[in-house]
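[1] When you get a sec, could you give me coordinates for this:
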Amino acid sequence: MRFSSTAILALPLLAAAAESPFEQYKAKFQNFISSFGAAAPAADQAQPAAAASSPKSKAKVGPKKIENLTLENWKDTVYAPVKPDATTPEEWYILVSGGNKTCYGHCTKLDAAFKESAVKFATQSKSPHLARLDCEDQQVLCNSWGASAGSLWVFEMLPTPAPIDVYWKPLNLSTVSTQTILDLQAKPVKENFRFVESYFHPFDGILAQYNLAVPIGYILYGFNVIPSWAFMLIVSFLSRSVMNRQMDPAGGRPGAPRGAAPPGDARS
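    All right, here's what the predicted structure looks like:
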């Protein structure tokens, strides 16, 4: 059998016609599959957008930093946020606390309330700077201020040499809470605290002006360190020495017998 040239040229057209239905279905199927692929990224992109707008995704505000005051750093710390030309005082809330020896374990609740208040203060536009003074670790500093554990001190800091207003308030260790500290800050300071005017004023007291606060702090610390029995022994020794001198007028000089009458006495 012979094929004409026309039939041979028509073979590619017949093959294309035979494949066209399959290619059409194939194209529809690919379009159908690609529609799922296009929709998935859109959903993925919508999730981060929704998460970003969700209140839960907002970063939590951390608590305000609580500075730990020591004998070496306390003055630099409280003066640090004060600008040289400031006329409005920088307020500091200083918790005077301690450990088992100074608080007998009762300062734990106080420390927890103060830490929680740091979280609350961080959300306020105007809130005091926070610091903590441990009277068990910094006994000399506490003695130089005349401060005791279980109290809250307020410093109203201005640039030097401006006078510094200092207030303090004892806290009830059994009932103190975070709200207690927040309420104190919400009211005028003078209505809730005692104004410090004593010789132990950390900045303007006589002891601080003559650089005697720290030496006095060491002396008081020494009295606290010496056991009571040792202190009584020293007092007893000193009192015996004084009494012996009073009973021996000659002062122990040779040639003067104990109890001898002075010259010119009728008994001699």
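[2] show me where the stretch 151-268 of the chain has helices.
    Secondary structure of the stretch 151-268 of the chain, counting by DSSP state H, counting those that start in this stretch: helices at 178-186, 206-209, 213-225, 228-247.
[3] could those helices go into TSV alongside distance to Ala149?
    Every residue, glycine included, has its C-beta placed from N, CA and C. Listed next are the helices of the stretch 151-268 of the chain as TSV, based on distance: least, C-beta to C-beta, whole Å:
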stretch	distance to Ala149
helix 178-186	16
helix 206-209	21
helix 213-225	13
helix 228-247	20
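[4] Adding mean neighbour count and mean pLDDT, write the ones you listed out as a markdown table.
    Formatted as a markdown table, these follow (neighbours: other C-beta atoms under 10 Å; pLDDT from 0 to 100):
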| stretch | mean neighbour count | mean pLDDT |
| --- | --- | --- |
| helix 178-186 | 16 | 93 |
| helix 206-209 | 16 | 96 |
| helix 213-225 | 14 | 90 |
| helix 228-247 | 10 | 72 |
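[5] wait, which of the ones you listed is closest to Trp168?
    helix 178-186 (11.4 Å; C-beta to C-beta).
[6] Strands of the stretch 51-200 of the chain, residue ranges please.
    In the stretch 51-200 of the chain, the segments counted as strands under DSSP state E, counting those that start in this stretch are 66-68, 90-97, 129-134, 151-157, 165-170, 194-195.
[7] Deepest in the core, which of those is it.
    Highest mean neighbour count of the strands of the stretch 51-200 of the chain: strand 90-97, a mean of 23 (counted as mean count of other C-beta atoms under 10 Å).
[8] With distance to Ala122 and mean pLDDT as extra columns, can I get the strands of the stretch 51-200 of the chain in a markdown table?
    Output for the strands of the stretch 51-200 of the chain, formatted as a markdown table (distance: least, C-beta to C-beta, whole Å; pLDDT from 0 to 100):
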| stretch | distance to Ala122 | mean pLDDT |
| --- | --- | --- |
| strand 66-68 | 11 | 97 |
| strand 90-97 | 13 | 97 |
| strand 129-134 | 10 | 98 |
| strand 151-157 | 18 | 97 |
| strand 165-170 | 22 | 96 |
| strand 194-195 | 28 | 94 |
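[9] So for Leu233, which of those strands sits nearest?
    So among the strands of the stretch 51-200 of the chain, strand 129-134 is nearest, using C-beta to C-beta, at 31.0 Å.
[10] Paired strands for that closest one, with orientation please.
    Using DSSP bridges, strand 129-134 pairs in its sheet with strand 66-68 (parallel), strand 90-97 (parallel).
[11] who wins for proximity to Asn224 among those?
    Nearest to Asn224 among these is strand 90-97 (15.8 Å), distances taken as C-beta to C-beta.
[12] quick one: the closest one to strand 165-170, angle?
    Angle of strand 90-97 versus strand 165-170, following axes from the mean of the first three to the mean of the last three C-alpha atoms, to 10 degrees, is 30 degrees.
[13] what's around Gly98, how many residues?
    24 (other C-beta atoms under 10 Å).
[14] My guess is it contacts Cys135. True?
    Yes: using C-beta atoms under 8 Å, Gly98 is in contact with Cys135, at 4.4 Å.
[15] and for those two, which residues touch both?
    By C-beta atoms under 8 Å, 6 or more residues apart in numbering, Gly98 and Cys135 have these common neighbours: Ala149.
[16] Now stretch 234-242 - C-alpha only, CSV.
    Output of stretch 234-242 as CSV, limited to C-alpha atoms (Å, rounded to 0.1, in the frame of the first residue of the first chain):
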residue,chain,number,x,y,z
ILE,A,234,35.0,44.9,129.5
VAL,A,235,32.7,47.1,131.6
SER,A,236,33.4,45.1,134.7
PHE,A,237,37.2,45.4,134.1
LEU,A,238,37.0,49.1,133.6
SER,A,239,34.9,49.7,136.7
ARG,A,240,37.3,47.6,138.9
SER,A,241,40.2,49.7,137.6
VAL,A,242,38.4,52.9,138.5
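[17] follow-up on the earlier one: could the strands paired with strand 129-134 be laid out in TSV, adding distance to Lys115?
    Below are the strands paired with strand 129-134 laid out as TSV (distance: least, C-beta to C-beta, whole Å):
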stretch	distance to Lys115
strand 66-68	7
strand 90-97	9
